[in-house]
Every structure is written in structure tokens, then in C-alpha cells.
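1. Return atomic coordinates for the entry below.
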Amino acid sequence: MASQFALVTGSSSGIGFSLARELAGRGYDLAICSAGERLHDATQTLQATGVKVVEIQADLATEEGVKQMWDKVVSLGRALDIACINAGVGVGGLFAETDLDAELKMVDLNCRGTIQLAKYVVQQMLARQQGRILFTASIAGEMVAPREAVYAATKAFVLSFAHTLRYELRDSNVSVTALQPGPTNTDFFHRAGMDNTEVGSTGKTESQPDDVARQGIEALLAGDDHVYAASAKVKAEGMLANVTPGKVKGAMHEKMARPKAS
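-> The predicted structure is shown next:
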């Protein structure tokens, strides 16, 4: 019997790499995609597990990049059993002071690229009436998130889209799951310019990417609608998110995301 086949985007490091490694450990052949320079190293590490790995270098913040990646996946002649639509970035800081171009590029990657890829994936999976899709959203998508205003909004977009798409596909054999990590020990906060914050230093160590990935894939295979991952604190915050007043959530997030006094 042929191995099953999975696509993971944003897979050169962090949660994306851990998702790919979790799937490789379960015997899935992989197509992994990133614009990052660490993609080749990730490929070699994953190939060492014994599965087939195809690496695709593409900028998923552009329409051309998403199309280029998808054309490569289609050219392999293998239908996707799983798609982990994970690629995303963050920008930290007060909205009045952050760089507009960086935020617009983040919207292009986190939202526009996600929708474009999901369109291709859903149409392929529906045609064969089989498949599972995991969207990496965030607990931030349910928060009032000062100093990450646009990032949190992009993840609220992804979360809403995932829940609605799941409902639209409810009578098919295609399932949709939203993965909602909290602060995780990756280089996300460094890339977002948030090293000098509580969440970017000590706060992110509460969850490890391998734990987030394992819980995400378990939820995906179980057909769950979403999962808060991975620490007990993140799960508790997620469950309380919809009953906590916005002012309180905003103050909590501000404390974590504010730069530390020098």
C-alpha cells in the first residue's frame, strides 16, 4: 500500500517543521514549502526518518508563489491526504508606529495566501471526497491583542475561515481543523521584533513546537474542529477567552507584549 501524502507550508522551522516531523513519524510522505533558507536542512532531517520528502522553495505571500508551489505539488501526481496550511509571520509594536509595508505583507501571507492555497486544496480533496486540512490560527485570534493588532486580526480571519469552511464541508469526507497555539518556543517573536518582551523571552517557553504539532495532528486525525495547544495555561486561556471582558484581555496581552524597561 502506498504511503499517504501530506503538504506542510512554513515548514523550514518552528511549528511547521514540527508538524512535518510529526507526520513523517506517522509514515506520511511530504511536500514541504518555505521561502526560508533553512528549508534544505529541514528536508535532510525529515528524509532521515525514511519517508519521501519534496522541498518547494516559494514565497507564499505572493499569488505567483502560491501558484508555483501548487503546480509543483500537482506535478508529483499524488493526491493530498493532509494539508497543513501553516505559513505565517507576525509584526509586533503599537499600530501607530509599526511598518505598513511589513503589515501588508503579513496580511498577504497570513490571509491572502492561505485563501488561495485553501481553494486549490479544497477543490482537489472534494473531487476525490477525501482529505484533512489543518489551519494554523492562534489563540491571539480570540484576544484583544495590543502591540500585535494586525497579526491577531489575521489569525481571527484564519480562525473564522476554518470554522466556516468546516461547516460548508460537513456533508463531505473532507475535514477541517483549526490549530490555535499560544506563545511557543520558536523564532516567531524574534522575527516579529519582540525579543525584548515578556512573551518573546520567558513567556514563549511555556509551549514547545513538538508538543503543539503533536496535539494539532492528533486533533486533525480525530476530526476535531479546533485545539488549543500546547500548555495547560494556553488551554485554560483559550477556554476563558470568550467569557473574559475585552478590557481585561487587552491588559493581559499588553503586559506580555510591552517592551521591557531598559
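2. pLDDT value on S3, please?
-> We have a pLDDT of 84 for S3.
3. Which helix or strand contains it?
-> Assigned by DSSP states H and E, S3 belongs to no helix or strand.
4. Report the rounded mean pLDDT for the strand of greatest length in the chain.
-> Of all segments of type strand in the chain, defined using DSSP state E, the longest is strand 174-181. Strand 174-181 shows a mean pLDDT of 98.
5. Partner strands of that strand and their direction?
-> The pairing partners recorded for strand 174-181 under DSSP bridges are strand 131-136 (parallel), strand 226-229 (parallel).
6. Would you reformat those strands as a markdown table and include mean neighbour count?
-> Using the backbone N, CA and C atoms, a C-beta is placed for each residue, glycine as well. As requested, the strands paired with strand 174-181 are exported to a markdown table (neighbours: other Cβ atoms under 10 Å):
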| stretch | mean neighbour count |
| --- | --- |
| strand 131-136 | 25 |
| strand 226-229 | 23 |
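7. for the ones you listed, which one sits closest to V89?
-> Proximity to V89, assessed across the strands paired with strand 174-181 by Cβ to Cβ, is greatest for strand 131-136 (11.7 Å).
8. now the next helix-or-strand element following that closest one: mean pLDDT?
-> The element immediately downstream of strand 131-136 (helix or strand, assigned by DSSP H and E) is helix 149-168. Computed over helix 149-168, the mean pLDDT rounds to 97.
9. can you list contacts of helix 149-168?
-> For helix 149-168, the surrounding residues in contact (Cβ atoms under 8 Å, 6 or more residues apart in numbering) are 88, 90-92, 95, 98, 103, 106-107, 110-111, 114-115, 118, 122, 133, 135-138, 140-145, 175-178, 180, 192, 225-226.
10. do stretch 76-87 as well
-> Against stretch 76-87 from outside (Cβ under 8 Å, 6+ apart): 4-11, 15-16, 19-20, 23, 28-29, 31, 33-34, 54, 60, 73, 109, 113-114, 117-118, 121, 124-125, 128, 130-136, 179, 216, 220.
11. List only buried entries from these.
-> Taking 16 or more other Cβ atoms under 10 Å as the criterion, what is buried in the contacts of stretch 76-87 is 4-11, 15-16, 19-20, 23, 28-29, 31, 33-34, 54, 60, 73, 109, 113-114, 117-118, 121, 124-125, 131-136, 179, 216, 220.
12. Return the subset of these lying in helices.
-> Among the buried ones among the contacts of stretch 76-87, the members falling in helices are 15-16, 19-20, 23, 73, 114, 117-118, 121, 124-125, 216, 220 (criterion: DSSP state H).
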